[in-house]
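[1] Just to be clear, the model below is a prediction. Sequence and coordinates:
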Amino acid sequence: MDARAAARLLKGVRAAALAGDRPPAAPRPEIAESWRRMLAGGVHPDRDARSRMLSAAETEERRHVSPLREILPVLREGLLPALDDVLHIMVVADADGRLLWREGHSSILRKADRLGFAVGADWDEAVVGTNGVGTALVARRPVQVFSAEHFVSSHHDWTCAGAPVRDPRDGRLLGVVDVSGPLATMHPATLAWVTSVARLAERELRLRHLESLERLRTVAAPLLARLPGRALAVDPNGWTAAVTGLAPAERIPLPKAFGPGRVWVPRLGECVVEPLPGGWLLRITQDRHSTAATRIVLDLSRAGCRSATVYGPSGSWSQELSPRHAELLFLLTESPRGRSAAELAGELFGDPTRTVTVRAELSRVRRHLAGVLTHRPYRFAEDVEVELIRPEDPAALLPHSTAPAVVRARLGRTGPGMIP
């Protein structure tokens, strides 16, 4: 059956389903399930409903924190070369169904704009009906939606194939990669193609995870070698990087309320937890006097060499800092009561509206200084002793920084909330 004949048949199937009549053919199970959800949820079959578009700042913030950003090169390499030939576009959406990236044939992008299939749009199934993004998120499996299989009639000139992408560390659904285009360009192999590329993207995430475990192992191994008793290093999801004094386990389930201090961990018992860059050190202990108090030294004394060193009961480790991260940590040492994202944006850029960049950068810093930094407001944890080593010459403090607060500090002046 050619595409046009199939579209006519599906329109008859959909019309019968809406009227409660016997259809000329049974819809595919995943489509029938979606239609039932649409009817129960009150989605209008002939009215194109749209929710509020994300602003450019909101979209950029979601992009910054989404793990999907890391696999864009894989998705582009696997899909984009063929999209112009087949007159399709690639769309990447997060777990909420929000479209974060969109690329492909320019004429199809313009048609998608008229449909509201644009970056920042909400393509949750409950908003726009059966579709390759929202339905794949609900079904949690690859889904192809052809012509009148879309519940809303304004989408009937389109075909789309979406495949979920999961985080291999915890199985969490990260979003969907979707290929969509006009009805006449549909090919039955599109779904298999998109699914294969999604699996390649998940493999890339897995390789990145293994690399992060190796980095954690490099930091943890010297600490574990000096420790008596039983201890292990795990990443934030409980995957084990290194152990001493006990049989290795691939993964340890961590409790939801987890952080520095004494914590009861299933399968291990009571542990003293200390932060590591990219994870945690767990010391299994019965010593009631053992604590996980921490100290951090921010060394900005040498031009071009910026570091943060964290000290705990098990020893110390250091992390080299990018210029931006050094600026942020410097500002937090000068503001012990903490600063909001807007306040930090004003001190960094002279523009308090640039909160998206501040939040994204601090999210990266906190991956390495988990338990040392807290938020709401951003500040060092109360039980952390903080030491700042400045250069002997105040003018040599972060010499390339143009942040207004750093410039004032170089001149020996203070700003709002800063300690002289």
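    Noted; the coordinates are in hand.

[2] Now residue 385: closest residue in space, sequence neighbours ignored.
    Closest residue to residue 385 in three dimensions, ignoring its sequence neighbours and counting by C-beta to C-beta, 6 or more residues apart in numbering: residue 295, at 4.2 Å. Every C-beta, even on glycine, is put in place using the N, C-alpha and C of the backbone.

[3] Could you check how far that neighbour is from residue 158?
    Using C-beta to C-beta, to the nearest Å, one gets 59 Å for the distance from residue 295 to residue 158.

[4] Those two: which is more packed in?
    Looking at residue 295 and residue 158 with other C-beta atoms under 10 Å, you find the greater number of neighbours at residue 158, namely 23 against 15.

[5] my read is the residue nearest to residue 385 is in a helix, agree?
    No - according to DSSP: H, G, I helix; E, B strand; the rest coil, residue 295 belongs to no helix; its state is strand.

[6] what residues are up against the residue nearest to the spatial centre of the chain?
    With the centre of the chain defined as its mean C-alpha position, the nearest residue by C-alpha atoms, centre = their mean is residue 66, 2.6 Å away. Contact partners of residue 66, counting by C-beta atoms under 8 Å, 6 or more residues apart in numbering, are 94, 100, 174-175.

[7] Now do the helices in the chain.
    With DSSP state H as the definition, the chain shows helices at residue ranges 3-19, 29-41, 56-65, 72-86, 106-115, 125-128, 134-139, 190-226, 323-333, 341-349, 355-368, 404-410.

[8] can you redo those as TSV with distance to residue 183, mean pLDDT and mean neighbour count?
    Shown next, in TSV, are the helices of the chain (distance: least, C-beta to C-beta, whole Å; pLDDT from 0 to 100; neighbours: other C-beta atoms under 10 Å):
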stretch	distance to residue 183	mean pLDDT	mean neighbour count
helix 3-19	6	84	16
helix 29-41	16	94	16
helix 56-65	29	90	16
helix 72-86	13	90	16
helix 106-115	11	92	14
helix 125-128	17	94	21
helix 134-139	17	96	24
helix 190-226	12	95	17
helix 323-333	47	92	21
helix 341-349	45	92	21
helix 355-368	38	85	18
helix 404-410	55	90	19
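
[9] is it possible to export those helices to a markdown table including distance to residue 395?
    What follows is the helices of the chain, written out as a markdown table (distance: least, C-beta to C-beta, whole Å):
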| stretch | distance to residue 395 |
| --- | --- |
| helix 3-19 | 70 |
| helix 29-41 | 64 |
| helix 56-65 | 33 |
| helix 72-86 | 41 |
| helix 106-115 | 51 |
| helix 125-128 | 56 |
| helix 134-139 | 54 |
| helix 190-226 | 34 |
| helix 323-333 | 15 |
| helix 341-349 | 19 |
| helix 355-368 | 25 |
| helix 404-410 | 5 |
